[in-house]
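**Student:** Attaching a predicted model along with its sequence, questions to come.
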Amino acid sequence: MIQQNKMSQLQQLGWNEAWQQKANEIRADHLEPARVIVEHKRLYRVLTEKGILLGEVSGKFRHHAVLREDYPAVGDWVMIDAHFDEEKAVIHHILPRVSAFSRKAAGHTTEEQIVAVNVDTVFLVMALNQDFNVRRIERYLVSAWESGANPVIVLSKADLCDEIEVRQQEVNVVAMGVPIITCSVKEQFGLEQLAYYIGEGVTAAVMGSSGVGKSSIINVLLGEERMLTHGIRAGDDKGKHTTTHRELLLLPGGGVIIDTPGMRELQLWESDEGLQQGFMDIEELAFSCLYRDCRHENEPHCAVIEAIENGNMQKERLNSYRKLQKELAYMERKSNKREQLLEKKKWKKISQYQKKHRY
């Protein structure tokens, strides 16, 4: 059983009664909780009430892990066997996640890449420069809703934009009630609004393309120049990569924040519910279409097409909706084939284990 006097020392990391209950259900009295703050290749920096340890999963854990998502990720609460004298830990369990921000891993393989887990609020950062892209915001919103975290849109580098109100309105059309914060680190305005969404026990993550100002924003929240920052490239107004790995950082006012590498291309991963919530305007209009299976193309009395013709919706938004639909359908087909292969791999692993321990 985890001692109650240790709980106050973990509260800033987000530990609460709900996590305590999950730990109790494991019934591992000799283990204690820790949170993954940095992920290396199969090695992890975990933060405990007594400090930071270098952790690795146990042999049993590794044997039962089949998928990439079976392993710890930044933000995970894990149960460890701590060896403080050696500054090391063995990870035996991952406590069930409450949220997970995932994307398709780069390349041609169908594999999930977990960006951050157990996030309460995700700041989706978009710079108000030449790289501004409403379609990218739509994509990020779909993934955010699917993750289980609450999205907040942050329009950064407002000092580089002469049409702030126009850009805000463009984002407001696709935000569907999501809070929007416009700020500038250089001119020091709008940043105080970020603090409203962060507090003791709250986990926030900052996501966006390279060079949008994520590290600069985190430095402001930390109250120190801790994260490396670079300016934008001349010529194309695009940012340079500064963050190369995911890291969980403690905030001086309470709570934690996860910095993530820039993601110019965010390929979706199983975001059906996120798509529905991210495009709620189209989903609701579809109920008024004449045909229940209306594809919003050439069908008569299509409420979505009528909204476009009446100027109440941009055609680009419907095109974006269709594009993401096709992308998810493709991912589902690929995932089904992958699941079949993984099932065979799983039973092969079990069979080998049984043969090895038969006698």
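**Tutor:** Good, I have the coordinates. Numbers count the residues shown, from 1 in each chain.
**Student:** quick one: average confidence on the strand or helix carrying V122?
**Tutor:** Per DSSP states H and E, V122 falls inside strand 121-127. Average pLDDT, strand 121-127: 93.
**Student:** Point out the other helices and strands that that strand packs with.
**Tutor:** In terms of contacts (3 or more CB pairs under 8 Å, 6 or more residues apart in numbering; DSSP states H and E), strand 121-127 is packed against helix 134-147, strand 150-156, strand 203-208, helix 214-222. All C-beta spots, glycine's among them, are computed from the backbone N, C-alpha and C.
**Student:** and the ones you listed, which is most packed in?
**Tutor:** For those, the largest average neighbour count (mean count of other CB atoms under 10 Å) is found in strand 203-208, namely a mean of 26.
**Student:** quick one: it to strand 121-127, angle?
**Tutor:** With axes from the mean of the first three to the mean of the last three CA atoms, to 10 degrees defining the directions, strand 203-208 sits at 20 degrees from strand 121-127.
**Student:** Tell me the strands beside strand 203-208, with direction?
**Tutor:** Strand pairing for strand 203-208, determined by DSSP bridges: strand 121-127 (parallel), strand 256-259 (parallel).
**Student:** State the mean pLDDT of that strand.
**Tutor:** 91.
**Student:** Also stretch 283-303?
**Tutor:** On average, stretch 283-303 scores 90.
**Student:** Just the C-alphas of that stretch, formatted as PDB.
**Tutor:** In PDB, the C-alpha atoms belonging to stretch 283-303 read as follows (Å, rounded to 0.1, in the frame of the first residue of the first chain):
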ATOM      1  CA  GLU A 283     -22.300  16.300 -38.800                       C
ATOM      2  CA  GLU A 284     -25.300  18.200 -37.600                       C
ATOM      3  CA  LEU A 285     -26.200  19.500 -41.000                       C
ATOM      4  CA  ALA A 286     -26.100  16.000 -42.400                       C
ATOM      5  CA  PHE A 287     -29.200  15.100 -40.300                       C
ATOM      6  CA  SER A 288     -31.200  17.500 -42.500                       C
ATOM      7  CA  CYS A 289     -30.100  16.000 -45.700                       C
ATOM      8  CA  LEU A 290     -32.800  14.200 -47.700                       C
ATOM      9  CA  TYR A 291     -30.800  11.000 -47.800                       C
ATOM     10  CA  ARG A 292     -29.500   9.400 -44.700                       C
ATOM     11  CA  ASP A 293     -26.400   8.200 -46.500                       C
ATOM     12  CA  CYS A 294     -25.800  11.500 -48.300                       C
ATOM     13  CA  ARG A 295     -22.200  11.900 -49.500                       C
ATOM     14  CA  HIS A 296     -22.700  15.700 -49.900                       C
ATOM     15  CA  GLU A 297     -21.800  15.600 -53.500                       C
ATOM     16  CA  ASN A 298     -24.600  15.700 -56.100                       C
ATOM     17  CA  GLU A 299     -27.600  14.500 -54.100                       C
ATOM     18  CA  PRO A 300     -30.700  16.600 -54.100                       C
ATOM     19  CA  HIS A 301     -31.700  18.600 -51.000                       C
ATOM     20  CA  CYS A 302     -28.200  18.200 -49.400                       C
ATOM     21  CA  ALA A 303     -28.100  20.500 -46.400                       C
END
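**Student:** Name the residues of that stretch that are buried.
**Tutor:** Going by neighbour count (16 or more other CB atoms under 10 Å), the buried part of stretch 283-303 is L285, A286, C289, C294, H296, C302, A303.
**Student:** Looking at those, which one is closest to W77?
**Tutor:** A286 (39.4 Å; CB to CB).
**Student:** Tell me if I'm right that the closest one and D293 touch.
**Tutor:** No - the pair A286 / D293 is not scored as a contact, 9.7 Å apart, by CB atoms under 8 Å.
**Student:** count of residues packed around Y197?
**Tutor:** Neighbourhood size, Y197 [other CB atoms under 10 Å]: 18.
**Student:** ok, now which ones touch it?
**Tutor:** Contacts for Y197 (CB atoms under 8 Å, 6 or more residues apart in numbering) come out as T121, F123, N150, V152, P179, A204.
**Student:** Can you tell me how far it is from A65?
**Tutor:** Using CB to CB, to the nearest Å, Y197 is found at 33 Å from A65.
**Student:** can you check I305 too?
**Tutor:** Applying CB to CB, one obtains 48 Å for the distance of I305 from A65.
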